[in-house]
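Below is the structure, and that's it, no one-letter string:
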């Protein structure tokens, strides 16, 4: 039974909860006005996981562009900066003009290095052989290139010129048909007994076989290639050109020279020109960087010829001809 004059407990709680409910509704209304759109009131009061943060109308009205924030607005996922599309990056890079490296005059067909490189490149035929006429023409141009570079080159090129002349005589002689290539020459001289015994040196150099003469040129080509490559690629502050070419001599030629020649060569390297002078003579009228690049390409051509010839000499058993 209810006691007269005393309200029920639930009525008492209800009367006290009405002002609190009104206060909460006003608070929610004011929050919506300040922050913009809010989720439905039921979701806000329920506090479920699907409730989303409120976003202002100003944020929603901003246009999206490359690099802006996308996905922003009511009930949107968290904003993530958009990166430029790949094709946009390519279009922007495509507008840049990249200067192309212009080939210096020394590498052109009539240039100092170009005249030497062309016949050497032509000597490497498609069958894997070495054409002797082009090989010797390349040597003629190599002699012209290195002769002004110093006394050590003069000594080496004079020996090379003698051997080139001896081989050219065979190419124009009565057996010229057998001296078209390295493989043909070696086959002919083996059949006719001109090769001689391994490690034997003929007393008369005029009767030396063409294969042995080419082997001596082959060793000298290795020294020239190593020397030019090290001049082109040597670091600033590192060993000078004379020391590098002397080291190349010790690798390629010294093991095949008697003691007196080795000592004479060592003295000659003391008067070797500097790197700058070598680059200037090899590729005149260019910057040092351009001259280095051009000389490195020329050395690369010599290396290709050396590697082809070395492989053939080894295959034909001609590396032991003295």
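Arrived safely. Keep in mind it's a predicted model, so treat the numbers as computed, not measured.

Only C-alpha atoms from now on, for both contacts and neighbour counts.
Noted.

and residue 238, how many neighbours?
9 (other CA atoms under 10 Å).

An error on my part: the question was meant for residue 183.
19.

what comes up buried for the helix or strand hosting it?
Assessed by DSSP states H and E, residue 183 sits inside helix 182-191. Across helix 182-191, burial judged by 16 or more other CA atoms under 10 Å covers 182, 183, 184, 185, 186, 188, 189.

Can I get the residues you listed in TSV including distance to residue 244 and pLDDT?
Formatted as TSV, the buried residues of helix 182-191 follow (distance: CA to CA, whole Å; pLDDT from 0 to 100):
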residue	distance to residue 244	pLDDT
182	31	97
183	34	97
184	36	97
185	35	97
186	34	96
188	39	95
189	37	94
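
with those residues in mind, which one is nearest to residue 235?
The closest of those to residue 235 turns out to be residue 182 (CA to CA; 37.3 Å).

ok, and the helix or strand in the chain with the lowest average confidence?
Ranked by mean pLDDT, DSSP states H and E, the weakest helix or strand in the chain is helix 86-94, scoring a mean of 36.

Which element is encountered next along the chain beyond that one?
helix 112-122.

helices or strands up against that next one?
helix 132-146, helix 288-315 (3 or more CA pairs under 8 Å, 6 or more residues apart in numbering; DSSP states H and E).

If we use 6 Å, what do you get?
helix 132-146 (3 or more CA pairs under 6 Å, 6 or more residues apart in numbering; DSSP states H and E).

buried set for the helix it packs on?
So, applying 16+ other CA under 10 Å, buried residues of helix 132-146: 132-143, 145-146.

Closest one of the buried residues of helix 182-191 to residue 285?
Scanning those for proximity to residue 285, where the rule is CA to CA, the winner is residue 182, at 37.5 Å.

show me the contacts for that closest one.
residue 130 (CA atoms under 6 Å, 6 or more residues apart in numbering).

Pass me the low-pLDDT residue ranges in the stretch 51-200 of the chain, would you?
51-101, 149-156, 196-200 (pLDDT under 70).
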